[in-house]
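**Student:** pasting the sequence and the predicted model now:
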Amino acid sequence: MKRLAAVAALLGLAAVTACSGNTGDKSAAGGAGGGGGLYTTIDGNKPGLDVNGPFNPWSPKGNAFAGYNVMKLAWTKNHLTDPNQFYPGIAASWEIAPDNSSITLHLQPNNKWSDGKPVTAEDVKFSIALAYTQGSTAFAITPGAAGAASEVEVVDDKTVKITQDMENPSVTFVRGVMDSAVVPKHVWESVLPADFWDKLKAARGEGADADKAREEITALAEKVLAFAPPKDVSAGPYTLERMNPGEALLVKNKNFYNAANVGPDQVKLLNYTGNEQIWNYLIAGKLDSAPFTAVPTDVMKRISATPGNGVVKGFSPVALGLAFNQSKKPYDNVHVRRGLAYLINRDEITKIASPEGGTPAVTTTGIHQKPAADWLGDELGKLEPYKLDVAKAEEEFKEAGLKKEGGKWTLPDGKPWKFTINVPAPFSDWVSGAKAITSQLNAAGIDAEVLSVADYPIYLEELAAGKYDVGFWLIALGPAPYNIFQRLYGASNGWSVLGGKVKHAEPGKNGNWMGGPETIEVDGEKINPGELTAKLNSVSGDEQKAIVGKLAKAANQDLPVVQLWDYVNTQFVNTNRFTGFPENESDLLRQPAGVWIQLGMVKKKQ
Amino acid sequence: MTVLIRRLAGHLARGLVMILVVTTVSFFVIRSVPGDPMAAKYEKLVEQGMSPEAAQRAVEVLYGFAPSGGLWQQYVDYMTGLLRLDLGQSLTVPGVGVSTVLFSAAKWTILPVLAGTLLSFLVGVVLGVYAAIRRSGKLGDALAISGSLLHGVPQYVLALLLMAVFTTLIPILPAGGTADIMYEPGLNAGYIGSLIQYATLPVLTYALASYGGWILAMKSSVVTVLGDDFILAAELRGMKRGIVFRYIARNAILPLFTILALSLGMLFGGAIFIERIFNYPGLGLMLIDSITNRDYALMGGAFLLITGAIIVANIVADLFYTVIDPRVRSGEGAP
């Protein structure tokens, strides 16, 4: 028995020693990672690595990681107002026609796939064909889709020209083209029928044949999504070596056009299913960089205390609005909405709910405050800031007919006013923000409460069904101004674009849960904000700026939402092993680290 | 033997009926879960900068894999598929069969939960016997108290505690994952060591969380057996202490085997909190993921697997009991 115990003790000791031996940080040493070191990060676009996923950029869980083993034609810059600025990708350079009717792409001259075959214009054209099956922005078969390409022409082996259908043009056509993934034709060829381009031509027409062709192309979507190439053939800086459910290992692609400037020899992507896992990795100093993550103040302190950890902040074209269902009383009255805007202390709310990832909104414009300054110029300062002002709030409420009895506000008919904010429970910053708002409103005599629902899909379903009076709603999703104002004057408020024509649905119908009026008066002029928003898709320059000004003013006066805070793209880097990370406000901060690496920025620390 | 086979046949018939009922109920319950996953996906795409129209088209393509037609038609299709052992296609990973996703996740649940359960069973049973025999001593009391304490602490609290101690205060174990990707998978020391290293915290949590139950159950069972006449008779006959101990253990452990068999059936249910905290990609995490994405086929497959495992475990427990307990066996001749 004693001997058995001794053997067991020795085995246990050996196991513990083996385990401890494996915990050495190989990435820091760089030994296991080779000369350029091992870069460890998390792909924020693909939470939840899946070993069953294919090497397929269109698959939501594919083992294809943009910037690493997936290349796009170009990488969009995080510009405040211009959605059509890019860093090179598969395309080395490009020429855009002055009227935005076409773009000519010149591919990287020395780029090869990881299997040694050259990346050609035919690969690009074939990838565009695949994109048509997925209904991307520029490659849509829906009749009347704005900004769709009408022709794809291979000019020569390294040049492709893509022409926009000018019957319904969009200023974001170029962005739609550039944001396309490129895959090797010789690997994917079997997915599409040989007569695909004929089908596409037929699909652009009208009548039964066109309908049939569109159906056939749509039917290909599933085949494309499910296609699993036998091995990873990449034109990016890395190829996938292997993966398990927790980690993926990518190794340098020596055929990549800029391989000589790619720093890390290997990249390790870690799986995550919740923010707290990213926090743990950051506190342990394991990550060389991490994507934007909501972080509470105490966790932030611990992350900052880890040697080498640092924070890089930049523009994030997202803001949070407190949105009203205007088909419900008393939120149909603009004075009630304005009164609430005066009562909410946005500085305090932001400090409580999103201290690291948000900055209090300067006012409500529907636009993030950074691009708002560019779009609106001096006009921004002239808009009503809705600073905390209890007296003004009371004036507005009285104007709306609300009454204050025994310190509590009631509806005009004397019935109690119950203010309920609905939030999805997993969004901790929204829950904190909602609680802070109700606390402020209760102090001002409004009977306010927070109701949370189990998850985001339920929240969105109930919101769209018009079940909520007030809820949180992401707005300002730029940089394209059309996308920005779609959040206020799009489908959620009754407007939709069908076949190039703008239509408005009654409140409660076709997803119109905001229930705002179809026209509103701004500075004495009656405007239809939905029509103006749709127009933003096709106009540019001064005309676009003038519309943005009108819509911002409309949002400021009519308050379909109260803009609470504007998000800040807060990312983490660790400079212990690598250097060359983007600086604060860099226009690369919305791109994955793979793009920083492929552009030759990130280098192993000497 | 005939009785055993008859018994097995009866169990299997009942099991099949139960599976049919559970599958039918879960099919309709799953499809009545509220929520709009398409809207959630759409929101994510527009947040990433996609235009509303393009996001709408992309979502329609992604959810093109979802079964269409009326609910009854979907039910008939689903059950017909089940007869062919086809659980359908996952929406989360388009084009991949539900069974592939399930089995991929199952191994990361079964091995650690099995290891944790067996470890806690062995330790709990041995210490439970000791705690019962020495129930008037300090060590016996201490063991019983440790069991009560650990039995009362929720799994996720234990997991967070272990995580804080071994990944932050004394950072000797990884915070998440299954194995270090730098090791080539296979039968090599580095990879196996890495597997053990990554599984240590989940296994330890499973073991600690269930240890309390085993020790308390075993102690209680032993105390009951200690009062039985045959133990007194054995002691009066001057039998060796070891033999008496064996008598005690064999009789006291019988009810625990049933619980063990049922626990093993629950293996497939995963441990959602533990897998979430340690980012261990087993069935629990997969189930959460499938619910978030309203991946009906995957949810249905997971529930079917869990139900099937519990039914099988019940059958095995019953048959096992028949084999190891002579009192049950003696009923063989009964009509």
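**Tutor:** Everything's here; your move. Numbers count the residues shown, from 1 in each chain, chains lettered A, B, ... in the order given.

**Student:** so what pLDDT did residue B:93 get?
**Tutor:** pLDDT recorded at residue B:93 is 83.

**Student:** give me the nearest residue to it, chain neighbours excluded.
**Tutor:** Distances taken as Cβ to Cβ, 6 or more residues apart in numbering or on different chains place residue A:61 nearest to residue B:93, at 4.6 Å, with adjacent residues excluded. Where you see a C-beta, it was placed from the backbone N, CA and C, and this is true even at glycine.

**Student:** what stretches of the chain score poorly on pLDDT?
**Tutor:** Just going to use chain A. Flagging of chain A using pLDDT under 70 yields the residue ranges A:1-35, A:47.

**Student:** I was after chain B.
**Tutor:** Applying pLDDT under 70 to chain B picks out residues B:1, B:65, B:269-270, B:326-335.

**Student:** any idea which residue sits dead centre in it?
**Tutor:** Closest to where the C-alpha atoms of chain B average out (Cα atoms, centre = their mean) is residue B:267, at 1.6 Å.

**Student:** show me the contacts for residue A:52.
**Tutor:** By Cβ atoms under 8 Å, 6 or more residues apart in numbering or on different chains, the residues touching residue A:52 are A:61, B:93, B:96, B:100-101, B:104.

**Student:** try it again with 10 Å
**Tutor:** Going by Cβ atoms under 10 Å, 6 or more residues apart in numbering or on different chains, residue A:52 touches A:61-63, A:228, A:245, B:90, B:92-93, B:95-97, B:100-101, B:103-105.

**Student:** cool, and residue A:598?
**Tutor:** The contact partners of residue A:598, by Cβ under 10 Å, 6+ apart, come to A:67-68, A:71, A:75, A:87-89, A:236-238, A:253, A:256-259, A:261-263, A:591-592.

**Student:** next: residue B:123.
**Tutor:** With contact taken as Cβ under 10 Å, 6+ apart, residue B:123 is in contact with B:207-208, B:211, B:214-215.

**Student:** list the buried residues in stretch A:78-91.
**Tutor:** For stretch A:78-91, the neighbour count (16 or more other Cβ atoms under 10 Å in any protein chain shown) marks A:78-81, A:83-91 as buried.

**Student:** farthest-separated two in the contacts of residue A:52?
**Tutor:** Greatest spatial distance among those (Cβ to Cβ): A:62 and B:103, at 19.5 Å.

**Student:** quick one: buried ones out of the contacts of residue B:123?
**Tutor:** For the contacts of residue B:123, buried by 16+ other Cβ under 10 Å: B:207-208, B:211, B:214-215.

**Student:** circling back to that earlier point, how about the nearest residue to the residue nearest to the centre of chain B, chain neighbours excluded?
**Tutor:** residue B:113 (4.7 Å).

**Student:** now stretch A:544-553: buried residues?
**Tutor:** Here stretch A:544-553 shows A:544-545, A:547-553 as buried, counting by 16+ other Cβ under 10 Å.

**Student:** ok, stretch A:227-240 next?
**Tutor:** In terms of neighbour count (16+ other Cβ under 10 Å), stretch A:227-240 has its buried residues at A:227, A:229, A:232-240.

**Student:** how about residues contacting stretch A:371-378?
**Tutor:** Residues contacting stretch A:371-378 (Cβ under 10 Å, 6+ apart): A:79-82, A:315, A:317, A:319, A:361-363, A:365-368, A:379-383, A:476, A:478-479, A:481, A:484, A:544-545, A:548-549, A:551-553, A:556, A:563, A:566.

**Student:** recalculate using a threshold of 6 Å.
**Tutor:** The contact list for stretch A:371-378 (Cβ atoms under 6 Å, 6 or more residues apart in numbering or on different chains) reads A:80-81, A:365, A:380, A:478, A:548-549, A:552.

**Student:** show me which of the residues you listed is closest to chain B.
**Tutor:** The closest of the contacts of stretch A:371-378 to chain B turns out to be residue A:478 (Cβ to the nearest Cβ; 7.8 Å).

**Student:** so what does that closest one look like in phi/psi?
**Tutor:** Backbone torsions for residue A:478, taken as degrees, to the nearest 10, come to phi -90, psi -160.

**Student:** which element is the closest residue to it other than its chain neighbours on?
**Tutor:** Once flanking residues are discounted, residue A:478 sits nearest to residue A:317: 3.7 Å by Cβ to Cβ, 6+ apart. Assigned by DSSP states H and E, residue A:317 falls within strand A:309-324.

**Student:** before we move on, back to that, residue A:190: which of the contacts of residue A:52 is nearest?
**Tutor:** Nearest to residue A:190 among those is residue A:228, at 11.8 Å by Cβ to Cβ.
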